[in-house]
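Participant: dropping the sequence and predicted coords here.
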Amino acid sequence: MTPVRTWLGYSYPLGATWMDNGVNFALFSDHATGVELCLFENREATEENIRVPISEYTDQVWHVFLPDARPGQLYGFRVAGPYDPEHGLRFNSSKLLLDPYAKAIAGKVSWADEMFGYVIGDKKEDLTQDFRDDAWGVPKSVVIDTQFDWQGDRKPSVPLDSSVIYEMHVKGFSKIWQQDLPEELRGTYAGLGSAVAIDYLKKLGVTAIELLPVHAHIDDKVLVDRGLTNYWGYNTIGFFAPHAQYSGSGQMGEQVSEFKSMVRSLHAAGIEVILDVVYNHTAEGNHLGPTLCFRGIDNIAYYRLNPQNPRFYLDFTGTGNTFNLLHPRALQLVADSLRYWVEDMHVDGFRFDLASALARNHEGFNKLHPFFQVIQQDPVLSQVKLIAEPWDVGEGGYQVGNFPAPWSEWNGKYRDAVRSFWKGDERRVGEMGYRLTGSPDLYQHDGRRPYASINFVTAHDGFTLNDLVCYNDKHNELNDDGNHDGDNNNLSWNCGVEGPTDDPQINALRERQRRNFLTTLFLSQGVPMLTGGDEWGRTQKGNNNAYCQDNEISWFDWTRDEKQNQFLDFTRKLIWFRKAHPAFRRPKFLRGRRIRGSEIRDVMWFNPGGSEMTDEEWASPFVRCLGMLLSGDTVDVVSFEGEPVRDDTFLLLINAHYEPIPFVLPGQENLEWQLILDTMDPDGFLAEPGKFASGDDVDLGGRACCLLQLVKGAQAQARAESWKKRPVEFPPLSAEEERARHR
């Protein structure tokens with residue numbers, strides 16, 4: 001091995017840090033007996049050309065300074081210590097390990113038995129140590145120079161209550177973009193940051209993109225062996241490094257600059273970047289998984305182990321392991337990672353995968369967990385968008401509504417209620433009242449606001465919006481798991497035929513149902529999240545778990561037909577309508593309070609007879625139709641300057657019954673309403689809005705919704721004593737309709 005100059009170095013910061021006069025390397029390991037730094041000449045090298053023993057050990061950190069090292073240096077660690085799985089110790093210096101703090105990672109895993117710390121096939125399973133070297137087949141950490149010309153980048157800082165989130169995959173978004181985007185940019189950070197991509201997002205009207213995981217991740221061996229990949233990326237191995245395979249410019253640190261350029265371009269267009277992050281587990285899996293990083297550095301510190309038998313892992317994630325945020329160094333790593341992505345990479349927020357697992361102590365989910373406390377007191381992290389996926393797979397893991405301020409949550413109850421309602425299920429109208437108004441039953445009790453609810457109908461995990469109305473059952477055969485993977489409870493309805501059909505009536509119903517879903521989504525209080533491609537009707541051919549489909553099933557097909565373009569235009573109009581009307585994006589909960597002593601209240605609920613909903617109607621299993629009046633004349637919401645934020649008054653009518661229902665418009669006879677949206681119309685928004693007087697009937701179609709705007713008369717008179725009342729019965733579904741709904 002070539003000799004190299006070494007200095008003592010520093011125990012902080014952790015990782016590899018370029019300091020202009022050399023590189024400092026620092027690695028935490030409490031239980032190791034020795035650490036060696038391995039340097040590689042290039043990515044193709046099968047072994048290190050320099051191995052540097054690290055002798056300095058301060059505060060549980062091994063550190064050394066190399067004055068001759070420079071950015072671009074490839075490196076890894078070998079960590080010595082006892083191999084004793086039955087006591088939670090899995091050190092193996094034969095295995096090259098990634099730096100947990102690596103800012104860039106080059107290469108992929110070349111799967112072979114050597115990648116595992118134990119002898120594959122041995123009758124003692126993981127208890128027999130494997131002494132073969134694996135440096136030839138594992139990715140390498142890369143020293144980078146963090147300097148970047150941000151050109152005065154300023155974060156858009158869009159208030160959460162005014163946000164429209166677009167969930168997407170970096171590669172899938174532009175991989176087969178067929179115009180105005182060079183081939184080499186498709187499927188890359190640069191492709192997403194290109195002028196044509198940003199122009200599309202701006203015209204759509206979204207304020208933030210939420211990217212499926214961009215942290216460096218590994219393709220599981222079991223998938224690679226089947227010719228598949230971990231396309232979604234929920235298999236993290238590097239919490240600081242952007243995934244190199246999404247870079248079109250290189251993997252030796254170029255991916256970092258390319259990611260930063262993408263963020264800079266999106267910010268210039270007023271679009272925020274939210275990262276879907278996976279801190280609940282790593283790519284090393286269970287006790288039979290590979291040794292790539294954390295397991296070989298300090299298994300006891302980084303993972304939750306079974307206290308009765310530390311050979312095995314506690315698994316609250318369904319992936320084989322759970323990251324140990326009860327250990328201060330593991331918690332520090334997560335906090336350092338988050339802060340790095342905010343301060344160095346300029347991202348605007350995070351969506352935390354299986355966030356309940358991050359807040360588990362020995363008793364279960366804990367709102368006072370150190371993870372929450374670290375973030376809440378942090379002057380940087382407490383000010384970005386924090387979105388929890390509020391569940392995991394462990395006991396008591398479903399925690400929708402239970403995360404503390406300032407967290408928002410993916411509202412799974414919103415998704416389920418809206419799907420179930422439009423599917424025609426019974427006893428859903430009462431819950432719809434909560435979901436339309438920002439879910440106060442979930443978030444109002446602890447001082448949070450409507451924007452704590454991230455509303456969604458679909459997400460990457462599950463059916464697309466198109467498939468939600470085309471399939472009753474999942475069709476995941478291409479995942480090569482016997483169609484056993486993916487959720488069986490989709491609350492979907494195929495409208496009469498499974499899959500594509502030429503039946504014009506079924507297709508018209510499916511298109512109307514999609515308009516109903518998006519109208520509900522964008523006219524609900526809370527923060528709407530649109531799944532990328534749903535705006536025109538992307539399909540995954542019934543696959544509701546396309547995590548391993550890195551192909552046309554997951555990639556966006558930008559060749560749209562006339563119907564798809566029509567639906568895209570409708571979605572754009574919905575988004576821009578929401579942005580234009582603060583009545584649908586209130587930062588405070590509606591309370592049903594009277595306004596300045598008048599009879600009108602900030603929100604009111606009506607039955608089709610024009611009378612206010614009764615308790616009996618809210619509880620009725622047969623009610624599938626209601627009207628929600630939102631007053632724009634409220635005074636509880638003010639601008640930064642203290643001026644009241646006012647809007648028009650709107651009446652949203654929704655009917656999930658299969659038959660049309662005449663709906664009597666409320667108010668005195670001198671009021672005039674304008675019908676501006678009707679999902680019975682293929683365009684949704686009406687080119688010639690209809691005019692109606694209070695007391696008139698509006699023909700509310702079967703499985704449809706309408707939006708009316710008050711255009712004449714004092715808003716304070718929109719509710720008076722003189723209601724026109726009409727008894728309305730809600731017959732149950734016919735036997736034929738019930739059969740069709742469940743076919």
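Facilitator: On my side now, so go ahead.
Participant: going by C-alpha atoms from here, please, whenever you check contacts or count neighbours.
Facilitator: Will do.
Participant: wait, Glu125 sits on Tyr118?
Facilitator: Yes: assessed by C-alpha atoms under 8 Å, Glu125 is found in contact with Tyr118 at 7.3 Å.
Participant: comparing those two, which residue is more hemmed in?
Facilitator: Tyr118 (27 against 13; other C-alpha atoms under 10 Å).
Participant: show me the beta-bridge partners of the closest residue to Val645 other than its chain neighbours.
Facilitator: With sequence-adjacent residues excluded and distances taken as C-alpha to C-alpha, 6 or more residues apart in numbering, Val645 is closest to Val638, at 5.1 Å. Beta-bridge partners recorded for Val638 (DSSP bridges): Pro644.
Participant: and Val638, what pLDDT?
Facilitator: We note a pLDDT of 88 for Val638 in this prediction.
Participant: and what of the one 3 residues further on?
Facilitator: Glu641 carries a pLDDT value of 89.
Participant: A helix includes it, no?
Facilitator: No: secondary structure of Glu641 (DSSP: H, G, I helix; E, B strand; the rest coil): coil, not part of a helix.
Participant: okay, now it: neighbour count?
Facilitator: Considering only other C-alpha under 10 Å, Glu641 is surrounded by 6 other residues.
Participant: what's next to stretch 621-640, contact-wise?
Facilitator: 421, 424, 426-429, 583, 586-588, 595, 600-608, 617, 644-657, 715-716, 730-732 (C-alpha atoms under 8 Å, 6 or more residues apart in numbering).
Participant: same check, this time on stretch 507-522
Facilitator: With C-alpha under 8 Å, 6+ apart, stretch 507-522 has contacts from 418-419, 422, 436, 455-457, 465-466, 469-470, 494-495, 501, 528, 571, 574-575, 578, 584, 679-680, 682, 684, 703-705.
Participant: in that stretch, which residues are buried?
Facilitator: 507, 509-522 (16 or more other C-alpha atoms under 10 Å).
Participant: try stretch 172-191
Facilitator: Quick answer for stretch 172-191 (16+ other C-alpha under 10 Å): 172-177, 181, 185-191.
Participant: flag every buried residue along stretch 649-665.
Facilitator: 649-658, 661, 663-665.
Participant: can you tell me which of the contacts of stretch 507-522 end up in strands?
Facilitator: In this view, those that belong to strands under DSSP state E are Asn455, Pro528, Ala704, Cys705.
Participant: if you rank those residues by neighbours, which is first?
Facilitator: That'd be Asn455 among the ones in strands among the contacts of stretch 507-522, by other C-alpha under 10 Å, with 30 neighbours.
Participant: okay, and the beta partners of that residue?
Facilitator: With DSSP bridges as the rule, Asn455 is bridged to Pro528.
Participant: that one reaches Thr531, doesn't it?
Facilitator: No: Asn455 is not in contact with Thr531 according to C-alpha under 8 Å; the separation is 11.2 Å.
Participant: tally of neighbours for the spatially closest residue to Trp407 that is not a sequence neighbour?
Facilitator: The spatial neighbour of Trp407 that comes closest, neighbours along the chain excluded (C-alpha to C-alpha, 6+ apart), is Leu386 at 5.2 Å. Applying other C-alpha under 10 Å, we find 21 residues neighbouring Leu386.
Participant: try Ala216
Facilitator: Counted with other C-alpha under 10 Å, Ala216 comes out at 26.
Participant: what's the answer for Val109, then?
Facilitator: 18.
Participant: how far away is it from Arg339?
Facilitator: Using C-alpha to C-alpha, to the nearest Å, Val109 is found at 28 Å from Arg339.
Participant: repeat that for Gly250.
Facilitator: Taking C-alpha to C-alpha, one finds Gly250 at 25 Å from Arg339.
Participant: these two: which is more packed in?
Facilitator: Arg339 (19 against 15).
Participant: surely Glu184 and Tyr246 touch.
Facilitator: No: taking C-alpha under 8 Å as the definition, Glu184 is not a contact partner of Tyr246, at 11.0 Å.
Participant: what sits closest to Lys221 if chain neighbours are left out?
Facilitator: Trp111 (6.4 Å).
Participant: where does pLDDT dip in the protein?
Facilitator: 1-2, 593-600, 669, 713-743 (pLDDT under 70).
Participant: could I get the full set of strands for the stretch 301-450 of the chain?
Facilitator: Under the criterion DSSP state E, counting those that start in this stretch, strands of the stretch 301-450 of the chain are mapped to 349-352, 385-388, 408-410.
Participant: could you dump these to JSON lines with distance to Val277?
Facilitator: Shown next, in JSON lines, are the strands of the stretch 301-450 of the chain (distance: least, C-alpha to C-alpha, whole Å):
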{"stretch": "strand 349-352", "distance to Val277": "5"}
{"stretch": "strand 385-388", "distance to Val277": "10"}
{"stretch": "strand 408-410", "distance to Val277": "14"}
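Participant: just the ones you listed: most buried one?
Facilitator: Highest mean neighbour count of those: strand 408-410, a mean of 26 (counted as mean count of other C-alpha atoms under 10 Å).
Participant: residues contacting that strand, please?
Facilitator: With C-alpha under 8 Å, 6+ apart, strand 408-410 has contacts from 385-390, 400-401, 403, 451-456.
Participant: how does it look with 6 Å?
Facilitator: Contacting residues not belonging to strand 408-410 are listed as Ile387, Ala388, Glu389, Ala452, Ser453, Ile454 [C-alpha atoms under 6 Å, 6 or more residues apart in numbering].
Participant: tell me which two of the residues you listed sit farthest apart.
Facilitator: Farthest pair in those (C-alpha to C-alpha) is Glu389 and Ala452. Separation: 11.9 Å.
Participant: those two: who's more crowded?
Facilitator: Each of Glu389 and Ala452 has its neighbours counted (other C-alpha under 10 Å); Ala452 has more, 31 against 23.
Participant: which residues sit in contact with the more buried one?
Facilitator: Contacts of Ala452 (C-alpha under 6 Å, 6+ apart): Ser408, Glu409.
Participant: okay, it and Asn402: tell me how far apart.
Facilitator: Ala452 is 11 Å from Asn402, by C-alpha to C-alpha.
Participant: and for His87?
Facilitator: In terms of C-alpha to C-alpha, His87 sits 35 Å off from Asn402.
Participant: try Asp696
Facilitator: 44 Å.
Participant: which parts of the stretch 301-450 of the chain are helices?
Facilitator: 328-343, 370-377, 412-423, 429-436, 440-443 (DSSP state H, counting those that start in this stretch).
Participant: now render those helices as CSV, adding distance to Val278.
Facilitator: Below are the helices of the stretch 301-450 of the chain laid out as CSV (distance: least, C-alpha to C-alpha, whole Å):
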stretch, distance to Val278
helix 328-343, 10
helix 370-377, 14
helix 412-423, 19
helix 429-436, 28
helix 440-443, 25
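Participant: give me the phi and psi for Asp550.
Facilitator: phi -90, psi 70 (degrees, to the nearest 10).
Participant: that one touches Gly233, doesn't it?
Facilitator: No: counting by C-alpha atoms under 6 Å, Asp550 stays clear of Gly233, with 10.7 Å between them.
Participant: give the other helices and strands that the helix or strand hosting Phe65 contacts.
Facilitator: If you go by DSSP states H and E, Phe65 is part of strand 61-66. Contacts defined by 3 or more C-alpha pairs under 6 Å, 6 or more residues apart in numbering; DSSP states H and E place strand 61-66 against strand 23-28.
Participant: got a list of contacts for the strand it packs on?
Facilitator: Against strand 23-28 from outside (C-alpha under 6 Å, 6+ apart): 9, 11, 14-17, 60-66, 69.
Participant: just to revisit the earlier point, looking at the helices of the stretch 301-450 of the chain, which is nearest to Thr322?
Facilitator: The nearest among those, by C-alpha to C-alpha, is helix 328-343 at 11.4 Å.
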